[in-house]
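Chemist: Output the structure for:
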Amino acid sequence: MAWFKREEKGIITTTQEKKEAPDGIWNKCPNCKKPLHYTEQVENKYVCHYCSYHIRIGSKEYFSILFDNNEFTELFPNLISADPLNFVDTKKYTERLEESKNKTGLKDAIRAAHGQIEGHDLVIACMDFTFIGGSMGSVVGEKIARSIDYCIEHRMPFLMISKSGGARMMEAAFSLMQMAKTSAKLALLAQAKLPYISLLTDPTTGGVTASYAMLGDINVSEPGALIGFAGPRVIKETIKKDLPKGFQTAEFVLEHGFLDFIVDRRKMKEQLAAFIKMMDN
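Modeler: Predicted structure coming up:
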């Protein structure tokens with residue numbers, strides 16, 4: 001096709017009439033920068049089919065990948081954060097919460113749901129990084145605690161999908177309390193002899209890593225996920241040494257004994273179902 005066409009009033013380039021693709025249909029892989037079509041991403045479980053990079057996704061996508069036929073019942077959907085400290089930084093905490101709610105369509109940085117995975121009943125609590133960096137506040141801790149209570153009451157295994165920048169500073173001690181609270185609830189789950197699988201995704205850091213994310217009967221991660229407590233820069237400045245290559249990647253953490261398995265997201269449902277079946281026997 002020619003790059004121009006002739007009209008009565010002269011020549012115009014055909015590029016002037018080109019229509020842009022609607023937002024969201026095409027984007028670039030964050031790793032290899034090659035173009036990815038949205039339909040292909042969904043079919044490939046949001047994994048780049050060129051370089052196998054695992055694109056960050058939220059609870060909506062994880063539920064659709066893991067729950068049979070994407071059928072589930074959401075648990076405790078109406079919990080919302082308060083502002084007990086009347087926190088103000090560059091803006092009020094209440095304003096930050098409203099902005100995040102409007103932007104993401106979520107009520108906080110976590111959703112919990114009950115459904116089935118290959119016929120096995122399961123409760124999944126999944127964090128959303130798009131809501132204030134997946135930060136752990138009082139609602140995150142409360143939903144995890146209530147989900148564990150639900151598992152104990154109904155005799156079901158529990159899957160926690162972590163994706164967080166750490167504790168939510170706007171709630172200060174109320175946020176830090178969730179580390180002890182969720183750890184205590186997981187101890188009750190263990191006493192009830194019910195399985196707990198922890199799935200660490202990119203990134204899992206801070207107080208989340210220091211509490212429920214690392215307490216699974218089985219700790220699993222996706223390839224290449226960032227897993228750690230403090231950031232590499234802070235650690236390097238503290239110990240005054242250069243850090244090993246690949247420090248805080250899932251592969252490094254697995255090599256040093258803090259993970260049990262790394263599982264490709266495209267095989268995650270099958271592998272999780274196998275874990276549940278094994279631990280139920």
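Chemist: drop to CA atoms for contacts and neighbour counts, all remaining ones
Modeler: Noted.
Chemist: Now do the contacts for residue 272.
Modeler: Counting by C-alpha atoms under 8 Å, 6 or more residues apart in numbering, residue 272 makes contact with nothing.
Chemist: Could you check the helix or strand harbouring it and say which residues are buried?
Modeler: Applying DSSP states H and E as the criterion places residue 272 in helix 268-280. Residues of helix 268-280 classed as buried: 268, 269, 272, 273, 276 (neighbour count, 16 or more other C-alpha atoms under 10 Å).
Chemist: How about stretch 33-42?
Modeler: By neighbour count with 16+ other C-alpha under 10 Å, stretch 33-42 contains the buried residues 36, 41.
Chemist: Make sure residue 194 is indeed in a strand.
Modeler: No - counting by DSSP: H, G, I helix; E, B strand; the rest coil, residue 194 is not part of a strand but coil.
Chemist: Would you state the strands of this structure in chain order?
Modeler: Taking DSSP state E as the criterion, the chain carries its strands at 4-7, 10-13, 26-28, 35-37, 72-75, 110-117, 120-127, 158-164, 196-204, 218-221, 261-262.
Chemist: quick revisit: for the buried residues of helix 268-280, give me JSON lines that also has pLDDT and distance to residue 30.
Modeler: Listed next are those as JSON lines, based on pLDDT from 0 to 100; distance: C-alpha to C-alpha, whole Å:
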{"residue": "268", "pLDDT": "98", "distance to residue 30": "21"}
{"residue": "269", "pLDDT": "98", "distance to residue 30": "24"}
{"residue": "272", "pLDDT": "98", "distance to residue 30": "27"}
{"residue": "273", "pLDDT": "97", "distance to residue 30": "30"}
{"residue": "276", "pLDDT": "96", "distance to residue 30": "33"}
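Chemist: Any chance of those in CSV with distance to residue 200 as columns?
Modeler: Listed next are those as CSV, based on distance: C-alpha to C-alpha, whole Å:
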residue, distance to residue 200
268, 12
269, 15
272, 13
273, 17
276, 17
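Chemist: now, which of the residues you listed sits nearest residue 74?
Modeler: Using C-alpha to C-alpha, residue 269 comes nearest to residue 74 of the buried residues of helix 268-280, at 18.9 Å.
Chemist: ok, and the closest non-adjacent residue to the closest one?
Modeler: residue 66 (5.3 Å; C-alpha to C-alpha, 6 or more residues apart in numbering).
Chemist: Just give the number of residues close to that neighbour.
Modeler: 21 (other C-alpha atoms under 10 Å).
Chemist: Next one, pLDDT for it please.
Modeler: Looking at residue 66, its pLDDT reads 98.
Chemist: now do the one 5 residues further on
Modeler: Among the per-residue scores, residue 71 shows a pLDDT of 98.
Chemist: wait, it sits on residue 118?
Modeler: No - judged on C-alpha atoms under 8 Å, residue 71 makes no contact with residue 118 at a distance of 11.8 Å.
Chemist: ok, the residue nearest to residue 264 when sequence neighbours are not counted - contacts?
Modeler: Distances taken as C-alpha to C-alpha, 6+ apart place residue 222 nearest to residue 264, at 5.8 Å, with adjacent residues excluded. Counting by C-alpha under 8 Å, 6+ apart, residue 222 touches 54, 199, 200, 201, 202, 250, 262, 263, 264, 265.
Chemist: So for stretch 127-137, mean pLDDT?
Modeler: For stretch 127-137, mean pLDDT rounds to 97.
Chemist: Mind listing residues that contact that stretch?
Modeler: Contacts with stretch 127-137, where a contact means C-alpha under 8 Å, 6+ apart, come from 57-59, 81, 100-101, 104, 106, 108-111, 161-168, 171, 174-176, 178, 207-208.
Chemist: Write the PyMOL selection for whichever of those residues are buried.
Modeler: Here is the PyMOL command that selects the buried residues among the contacts of stretch 127-137 (16+ other C-alpha under 10 Å):
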select buried, resi 57+58+59+100+101+106+108+109+110+111+161+162+163+164+165+166+167+168+171+174+175+176+178+207+208
